[in-house]
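1. Everything below, folded, please.
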Amino acid sequence: MHDSSSVVVFIFPLMSSLAELPEELITTIVHSLSSDKQSLLNLCLAGNHILLAIARPLTWREVTFHVDLDEWISFDDIDWWTTRSIFHFTADQKRAKSVISPRIKFSGIYNYGQPIIGLLQESLKKLTNLNHAYLSFFEVFSTDGTPSLLEVVLQSLPSLKSVYVDGYGAGEEPIAPIELPPLKSLVTSYCSPNVAELWASARNLEVMELCGGYGARYYWENIHKLHSSRSFMGYDGETMGTGYILNEGLLHAGYFNHLRRLHIVSELDENEECLDIAHIVEFSTLCPNSLTSLEELILELPFTIPEYEVVLDGMTVPGLRRLMVKLQDTAFGYIETIFTSPRRTWERLTSLEEFWLPLEGLREAEVGIICLALSHLKNLKCLYFEENREYYADVDHMAEGVTMHLGAHLPQLDGVYWNYYSFKVLRDQEGMVKSVIKQEYQKPKWQTFSPTTAA
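-> Numbers count the residues shown, from 1 in each chain. Reported below is the predicted structural model:
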C-alpha cells in the first residue's frame with residue numbers, strides 16, 4: 001500500500017502518461033488521493049478534462065460554508081472558514097450531491113420569519129448524500145425560538161447520520177423533541193442544557209459525546225481570535241444537560257438500545273461545581289448496568305471517591321471494552337479502597353481490553369493491591385495511568401518496575417501507558433514476562449473527544 005504522498009510523487013512526473021491510462025484506472029488512482037485535498041486541486045489544474053471531471057467532485061466532499069443571517073448572501077474568506085455562498089454552491093445539483101461532510105458556521109440574528117431562512121432550507125435540502133456535518137452557532141443570537149435555528153437545520157438534512165453541534169445557546173425556553181434525521185452519532189459541545197431535550201427522539205444513536213464548560217473562553221481563544229469579527233452569543237454554564245438524556249424514561253423507551261460509545265467531558269475548573277455529576281450518579285443508582293450495548297465509557301468529570309464507586313458499579317456492563325472515569329484525587333492513598341472494597345464489578349468486566357486508571361504515583365510495592373481486583377479482567381491488554389513524571393525523581397525506573405510487575409499478574413497485558421511514555425511488555429513462548437521496552441506515548445483515539453468527527 002502507498003500513502004497519498006507517494007502516489008502524488010508518482011503522478012506528477014508522469015501526468016501526460018496518466019491521462020493516457022484507461023479511465024477506470026485513472027479513477028482508481030485519483031480516488032486514492034481523496035484525503036489529500038491539495039493534490040486533488042493540483043489535478044484539477046492539470047489541463048486535462050478527464051482528470052478534472054474525476055478530481056473536482058472529490059474536492060466538494062468536504063466543504064465549508066459561512067451563513068451570515070444578517071445578509072442575503074455571505075462571501076467570507078478567512079482562514080479555515082474559507083467559504084463560498086451555500087446558495088450559489090447548491091444551485092449546481094452535481095456539486096450539492098457530492099458533499100459528504102460540510103462545516104457550516106452560522107452568524108447573526110436569527111428570526112424564523114427572515115427571507116434568508118427559506119433560502120437556507122432549500123439549499124440544505126439539496127445536500128442529499130451527507131454522512132456528517134459540523135455546525136457552529138457561537139455567533140448566533142435568537143430573537144424567535146420557535147422553531148429554533150438548530151431545528152430548522154436538522155430537519156433540512158434528512159440524510160444526516162452524524163452531527164457535531166458546537167456552541168448552541170438556546171436561552172431558557174425548553175426545546176421539544178422533533179423528528180430528527182436517522183442519527184447514529186451525536187456530538188455536542190458548549191451547548192445550553194435544554195438543547196439536550198431535542199435529542200429525545202434520536203432512537204438509534206450508537207455514539208453520544210457531550211462536552212460542557214466555559215464556552216465563552218473557548219470561543220475567544222479558538223474561534224474569534226483567528227476567524228471572526230463578531231462576538232460570542234453561545235452558552236457559558238455549569239451543565240450540558242445530561243439530566244435530559246440519562247434518565248429512566250428514555251432508557252425504558254429503548255433510546256439506548258444501540259449505544260456503543262458514551263463520552264462526557266466537563267472543562268470546568270476544579271473549584272466549580274459540575275452539575276452533570278449528580279445526574280450521572282443518579283442514573284447509575286436508579287438504572288444500574290442498563291446500557292447493555294455499551295463498549296466504550298469515558299467520563300472526564302471530577303468525581304469524588306464515593307461518586308466514582310457508584311459510577312463504576314452502576315455504569316459498567318459485561319460487554320464494555322474500554323473504560324475511563326476521572327477523579328478529583330489521584331494519589332494511591334485516596335483511591336486504594338476502590339480496589340480493596342468487596343465488589344462484583346471487576347468480575348463483570350471480563351471483556352475489558354483497555355482501562356484508564358485515575359491513579360498517580362503508583363509504587364511497585366502497591367501493584368499487588370490493585371492486581372487483586374484487576375486479575376478478574378482476563379482480556380486486559382492496555383492499562384493507562386495519570387501522568388506522574390514529577391512524582392518521582394527516577395520515574396523511568398519506577399515505571400519499568402511497575403510494568404514488569406503488572407505484566408506478571410495480568411497474562412494478556414501488552415502495554416502500560418503514562419502521558420509522555422509507555423512500556424511494551426515482551427513475553428516468551430510460555431507467556432512469561434521476558435522484558436519491557438520504553439516507547440513514545442501516543443494518545444489512543446478512543447480517549448479523544450469525538451475521535452472520528454472532531455472539528
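
2. which helix in the chain runs the most residues?
-> Using DSSP state H, we find that the single longest helix of the chain is helix 395-409.

3. now that helix, how far from the chain's geometric center?
-> Its chain's C-alpha centre and that of helix 395-409 lie 31 Å apart, by C-alpha atoms, centre = their mean, to the nearest Å.

4. And stretch 250-270, by the same measure?
-> Worked out by C-alpha atoms, centre = their mean, stretch 250-270 lies 12 Å from the chain centre.

5. Start and end of that stretch, how far apart?
-> Taking C-alpha to C-alpha, to the nearest Å as the measure, stretch 250-270 stretches 31 Å from start to finish.

6. buried ones in it?
-> By neighbour count with 16 or more other C-beta atoms under 10 Å, stretch 250-270 contains the buried residues 250-251, 255-256, 259-268. (Each C-beta comes from the backbone N, C-alpha and C, glycine too.)

7. Tell me which entries of those residues lie within strands.
-> If you go by DSSP state E, these have Arg261, Leu262, His263, Ile264, Val265, Ser266 in strands.

8. With pLDDT as extra columns, can I get those in JSON lines?
-> Output for these, formatted as JSON lines (pLDDT from 0 to 100):
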{"residue": "Arg261", "pLDDT": "96"}
{"residue": "Leu262", "pLDDT": "96"}
{"residue": "His263", "pLDDT": "96"}
{"residue": "Ile264", "pLDDT": "95"}
{"residue": "Val265", "pLDDT": "93"}
{"residue": "Ser266", "pLDDT": "91"}
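
9. out of these, which one sits closest to Thr448?
-> Looking at those and their distance to Thr448, the nearest is His263, at 8.9 Å (C-beta to C-beta).

10. Contacts only, for the closest one.
-> Met208, Glu209, Leu210, Glu296, Ile298, Leu299, Glu300, Phe449, Ser450 (C-beta atoms under 8 Å, 6 or more residues apart in numbering).

11. and if we set it to 6 Å?
-> Glu209, Ile298 (C-beta atoms under 6 Å, 6 or more residues apart in numbering).

12. beta partners for it?
-> Beta bridges link His263 to Glu209, Ile298, judged by DSSP bridges.

13. The top strand by length along the chain - contacts with which helices or strands?
-> Counting residues, the longest strand found in the chain (DSSP E) is strand 132-142. Judged by 3 or more C-beta pairs under 6 Å, 6 or more residues apart in numbering; DSSP states H and E, strand 132-142 is in contact with strand 103-110, strand 162-166.

14. what angle do that strand and strand 103-110 make?
-> Inter-element angle recorded for strand 132-142 and strand 103-110: 10 degrees (by axes from the mean of the first three to the mean of the last three C-alpha atoms, to 10 degrees).

15. Got the domain ranges for this structure?
-> 1-59, 61-294, 316-334+341-455 (automatic domain parsing).

16. Mean neighbour count, those domains: which tops it?
-> domain 61-294 (a mean of 18; mean count of other C-beta atoms under 10 Å).

17. and the end-to-end length of that domain?
-> 31 Å.

18. what about that domain, distance to the chain center?
-> Using C-alpha atoms, centre = their mean, the offset of domain 61-294 from its chain centre is 13 Å.

19. One more: stretch 368-378?
-> 30 Å.

20. got a list of contacts for that stretch?
-> Phe339, Trp346, Glu347, Leu349, Thr350, Leu352, His409.

21. One more: stretch 143-157?
-> Tyr110, Asn111, Tyr112, Gln121, Leu124, Lys125, Leu130, Tyr168, Glu173, Ile178, Leu180, Pro181.

22. and the end-to-end length of it?
-> End-to-end for stretch 143-157, by C-alpha to C-alpha: 23 Å.

23. Which parts of the chain are strands?
-> 64-68, 103-110, 132-142, 162-166, 185-189, 207-212, 261-266, 296-303, 322-327, 354-357, 382-385, 415-417, 421-427, 433-440.

24. quick one, phi/psi of Ala202?
-> Dihedral angles phi and psi of Ala202 (degrees, to the nearest 10) take the values phi -90, psi 80.

25. From Thr143, how far off is it?
-> Distance of Ala202 to Thr143, given as C-beta to C-beta, to the nearest Å: 27 Å.

26. ok so, going back, tell me what angle the longest strand of the chain forms with strand 64-68.
-> Using the same axes, to 10 degrees: strand 132-142 against strand 64-68 is 20 degrees.

27. Relative to strand 132-142, what are the paired strands and their orientations?
-> Next to strand 132-142 in the sheet, as set by DSSP bridges, lie strand 103-110 (parallel), strand 162-166 (parallel).

28. Restrict it to CA atoms and write it as PDB.
-> Taking Å, rounded to 0.1, in the frame of the first residue of the first chain, the C-alpha atoms of strand 132-142 are listed here in PDB:
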ATOM      1  CA  HIS A 132     -21.600  14.000   8.800                       C
ATOM      2  CA  ALA A 133     -22.000  17.800   9.500                       C
ATOM      3  CA  TYR A 134     -20.200  20.200  11.800                       C
ATOM      4  CA  LEU A 135     -22.500  23.000  12.800                       C
ATOM      5  CA  SER A 136     -21.200  26.100  14.700                       C
ATOM      6  CA  PHE A 137     -23.600  28.500  16.400                       C
ATOM      7  CA  PHE A 138     -21.300  30.500  18.700                       C
ATOM      8  CA  GLU A 139     -22.200  33.800  16.900                       C
ATOM      9  CA  VAL A 140     -26.000  33.400  16.600                       C
ATOM     10  CA  PHE A 141     -28.400  35.400  18.700                       C
ATOM     11  CA  SER A 142     -32.000  34.200  18.500                       C
END
